[in-house]
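# Sharing a model prediction with you, sequence too.
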Amino acid sequence: MDTNQARTFLEVVHSGSFVAAADRLNITQTAVSARIRTLENSLGRRLFIRNKAGARLTPSGERLVRHATAMLQLWERARQQVALPPGRSAGVHLGGELSLWHPLLADWLIWMRRECPDIALRAEVDGPASLMARVQEGSMDVAVLYNPPHAPNLVNELLAEEKLVLVSSAADGRFAAEDFIHVDWGPNFAASFETSFPDLSPPVSISLGPLALTYLLTVGGCGYFRLGIVRPFLAVGRLSLVPGAPEFSHSTHMVYAERADGEVLDRVRTGLKAVAAAPPSLRRATEIAARQWPYPRSADDPVNNLQK
């Protein structure tokens, strides 16, 4: 079994079908089928049962998952060690969801450069399902995600507990259903939101939090957002909390393999915890937010004064 076969096998396992695996690997379905067939022939065992619903593992396939995962993890560690740039003693590959990169993971990169200059860094943005799969297969060391599911052979460690709060652009925190902006904060939020607002049919739905916040600050309205992100706008009066609205938990976790390199992982975990526990000062956060989210401002807007 070579690494391409192992990666293809695990991608079919994670995605549940040959078609989805081909899309994720950016190869043809024929190539996926050929790799799996070659692997089955070399092992003398059938690994998948294919049907209209996709592909499910046979008992032999279930036994192979652990070995294929370990193989890819070993190969990735070897590749990183052999290909290290000059002056680096180790390397780490970290991925995160898009909305987590500012400021949490951006601050982590800066922390690593300052505190661990001997570690080579590789950082990526990807979707949660892909990040989980890549950590599980061993092609990524650490993933930082919102409310990730638990998976075999992976450690799911809480990094930060945050709240999703309902905010409004109206000074009095007025809630107007016709101006509600729905943000996709994942299945846990969706279930809680449906329970709390069973009759609300949002006129605008946006999958990315930063994009939704830009829209809200520009045209007005209301919606649920991470407290840490909207706090600067609450402080200067650009947004207001909706009185009596329910708040929802939205935790950030770091996910890594149980057999990960202990020394390097400890340094990565230390950095992530340090930046998660040390948010910037309110003044600095407000200045950053004002630059990050452009929107029309009046001459007497307090954000203007903070930037002087």
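That came in fine, so what should we check first?

# residue ranges with poor pLDDT in the stretch 51-200 of the chain?
Applying pLDDT under 70 to the stretch 51-200 of the chain picks out residues 80-81.

# any idea how far residue 61 is from residue 9?
8 Å (Cβ to Cβ, to the nearest Å). For glycine as for every other residue, the C-beta is placed from the backbone atoms N, C-alpha and C.

# and what of residue 43?
Taking Cβ to Cβ, one finds residue 43 at 10 Å from residue 61.

# Show me which of the two is the more surrounded one.
Set side by side, residue 43 and residue 61 show more neighbours around residue 61, with 23 against 13, by other Cβ atoms under 10 Å.

# Please enumerate the strands of the stretch 51-200 of the chain.
54-57, 90-96, 119-125, 142-146, 154-160, 163-168, 180-183 (DSSP state E, counting those that start in this stretch).

# what about residue 29, how many neighbours?
Using other Cβ under 10 Å: residue 29 sits among 14 other residues.

# Can you tell me how far it is from residue 8?
Distance of residue 29 to residue 8, given as Cβ to Cβ: 11 Å.

# cool, residue 166 as well?
Distance of residue 166 to residue 8, computed by Cβ to Cβ: 44 Å.

# For these two, indicate the residue with more neighbours.
Counted by other Cβ under 10 Å, residue 166 and residue 8 do not tie: residue 8 has more neighbours, with 26 against 22.

# Isn't that one up against residue 32?
Yes: using Cβ atoms under 8 Å, residue 8 makes contact with residue 32 at a distance of 5.8 Å.

# what's the nearest residue to residue 176 once chain neighbours are set aside in contact with, if anything?
Take residue 176 and drop its neighbours on the chain: the residue closest to it by Cβ to Cβ, 6 or more residues apart in numbering is residue 222, 6.5 Å away. The neighbourhood of residue 222, defined by Cβ atoms under 8 Å, 6 or more residues apart in numbering, consists of 166-170, 174-176, 179-181, 216, 242.

# would CSV of those with distance to residue 191 be doable?
Below are those laid out as CSV (distance: Cβ to Cβ, whole Å):
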residue, distance to residue 191
166, 16
167, 21
168, 23
169, 27
170, 28
174, 26
175, 21
176, 24
179, 23
180, 18
181, 19
216, 23
242, 20
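
# and those, which are buried?
For the contacts of residue 222, a burial check counting by 16 or more other Cβ atoms under 10 Å picks out 166-170, 175, 179-181, 216, 242.

# quick one: which of those is nearest residue 47?
Closest approach between the buried ones among the contacts of residue 222 and residue 47, by Cβ to Cβ: residue 181, at 45.4 Å.

# and that closest one, how far is that from residue 251?
For residue 181, the distance to residue 251 equals 22 Å [Cβ to Cβ].

# same check, this time on residue 274
The value you get for residue 274 to residue 251, if Cβ to Cβ is used, is 18 Å.

# same thing with residue 212?
From residue 212 across to residue 251, the span is 20 Å (Cβ to Cβ).

# which of these two has more neighbours?
More crowded of residue 212 and residue 251, by other Cβ under 10 Å: residue 212, with 23 against 15.

# which non-adjacent residue is nearest that one?
residue 206 (4.0 Å).

# Now do that neighbour, the pLDDT please.
pLDDT, residue 206: 94.

# For it, name its beta-bridge partners.
According to DSSP bridges, the residues that bridge with residue 206 are residue 183.

# how about the helices in this protein?
All helices of the chain, identified by DSSP state H, fall at 3-15, 18-25, 29-43, 59-82, 106-115, 128-137, 187-196, 209-219, 227-235, 262-277, 282-292, 302-306.

# could I get the ones you listed as CSV with distance to residue 255?
Listed next are the helices of the chain as CSV, based on distance: least, Cβ to Cβ, whole Å:
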stretch, distance to residue 255
helix 3-15, 14
helix 18-25, 18
helix 29-43, 26
helix 59-82, 14
helix 106-115, 15
helix 128-137, 5
helix 187-196, 16
helix 209-219, 20
helix 227-235, 21
helix 262-277, 11
helix 282-292, 27
helix 302-306, 36
